[in-house]
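**Student:** Next one to model:
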Amino acid sequence: MGHLDHAALGWLTPALSYVMACTGAALGLRCTVRALAATGRSRRNWLVTAASAIGTGIWTMHFVAMLGFSVAGTDIRYDVPLTLLSLLVAMVVVCAGVFAVGHSRDRGRALLIGGLTTGLGVASMHYLGMAAVRLHGDVTYDPVLVGLSVLIAVVAATAALWAALNIKSPVAVTIASLIMGAAVSSMHYTGMFAVSVRVTPSGEALPGATAMQFVFPLAVGLGSYLFLTSAFVALSPTAGEREASASAQRPVEGVAR
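**Tutor:** Reported below is the predicted structural model:
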């Protein structure tokens, strides 16, 4: 068996991946709060932004953590189409969950369905990302730990959607995002501890791209998107602020008399 190191770069990748997960969760929750206070096209736009933020945060967390993954005795490459597919899956399933709770009249039922769908989608994203790994050897999984990682993903997704519906204040959103970041990171590392690799030494070149050639630039780009979108949301007026501004601009009745 090849020795697996999940933190080959020290605590940098676990800490940075946790930050990305928290950032995506916080931004997604804030956008969902804005969406629930809006109507029509504005609600749809806020929900799309929320879904892209959460999906981007989860995917970036996974692959930033993977920058610290190494296996003794073999190089590691990544299949580019599969890696991009895992990003698409993350976006689509989170979008489905967010829209389910954002538009459904039966919030309880939507929460359960959305949490299950989103959780299974997040787990699918993780294992699609692992399927994109190319190395000299065979990868196997501990089914118990795989099942536990899927359960954590479903619980975390359900909790995130519940928080989106019930948490409004910035302080509560911050606390919820820290908890969600921990849950997503726990899911990732539980899934990674399920991995075993039997290395088969070979001099053949591996297909795919290295982490620094492909994963790192993409993660940096998505991370930049998260921080820029966070700035946009922070500077955008809330529904209450817009209403107050509109009221202030209305002529006071009787002044012109």
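
**Student:** Can you report how many residues lie near V154?
**Tutor:** V154: 19 surrounding residues under other CB atoms under 10 Å. Heads up, the C-betas are built off the backbone N, CA and C, glycines and all.

**Student:** got it, and the one 10 residues further on?
**Tutor:** By other CB under 10 Å, 28 other residues sit near A164.

**Student:** In contact with it, which residues?
**Tutor:** A164 makes contact with G28, L29, T32, V33, L36, A50, V98, V101, according to CB atoms under 8 Å, 6 or more residues apart in numbering.

**Student:** measure the last one to A110 for me?
**Tutor:** From V101 over to A110 the distance is 5 Å, taken as CB to CB, to the nearest Å.

**Student:** same check, this time on the fourth one
**Tutor:** With distances taken as CB to CB, V33 is found 17 Å from A110.

**Student:** Of the two, which one has the most company?
**Tutor:** V33 (24 against 19).

**Student:** so which helix or strand takes in the more buried one?
**Tutor:** helix 12-36 (DSSP states H and E).

**Student:** Buried residues in that helix, which are they?
**Tutor:** 13-14, 16-36 (16 or more other CB atoms under 10 Å).

**Student:** Tell me who's in contact with the residue nearest the centre of the chain.
**Tutor:** Taking CA atoms, centre = their mean, the centroid of the chain lies closest to I58, which sits 2.0 Å from it. Applying CB under 8 Å, 6+ apart to I58 gives the contacts A21, G24, A90, V94, V122, M125, V184.

**Student:** Could you let me know which of these ends up closest to T74?
**Tutor:** Taking CB to CB as the measure, T74 sits nearest to M125 out of the contacts of I58, at 24.1 Å.

**Student:** Just give me the neighbour total for the closest residue to the closest one other than its chain neighbours.
**Tutor:** Spatial nearest neighbour of M125, chain neighbours left out: A90 (4.3 Å); criterion: CB to CB, 6 or more residues apart in numbering. Around A90 there are 29 other residues, counting by other CB under 10 Å.

**Student:** Same check on D5?
**Tutor:** If you count neighbours by other CB under 10 Å, D5 ends up with 12.

**Student:** Quick check: chain neighbours aside, which residue is closest to it?
**Tutor:** S70 (4.8 Å).

**Student:** same check, this time on G191
**Tutor:** S149 (3.9 Å).

**Student:** Distance from the helix or strand encompassing that neighbour to the middle of the chain?
**Tutor:** Element membership for S149, per DSSP H and E: helix 143-166. Remark: helix 143-166 is offset 12 Å from the chain centroid, using CA atoms, centre = their mean, to the nearest Å.

**Student:** Next, the angle helix 12-36 makes with it.
**Tutor:** On the basis of axes from the mean of the first three to the mean of the last three CA atoms, to 10 degrees, helix 143-166 is oriented at 40 degrees to helix 12-36.

**Student:** So which bits of helix 143-166 are buried?
**Tutor:** The neighbour-count criterion (16+ other CB under 10 Å) identifies 146, 148-150, 152-154, 156-165 as the buried residues of helix 143-166.
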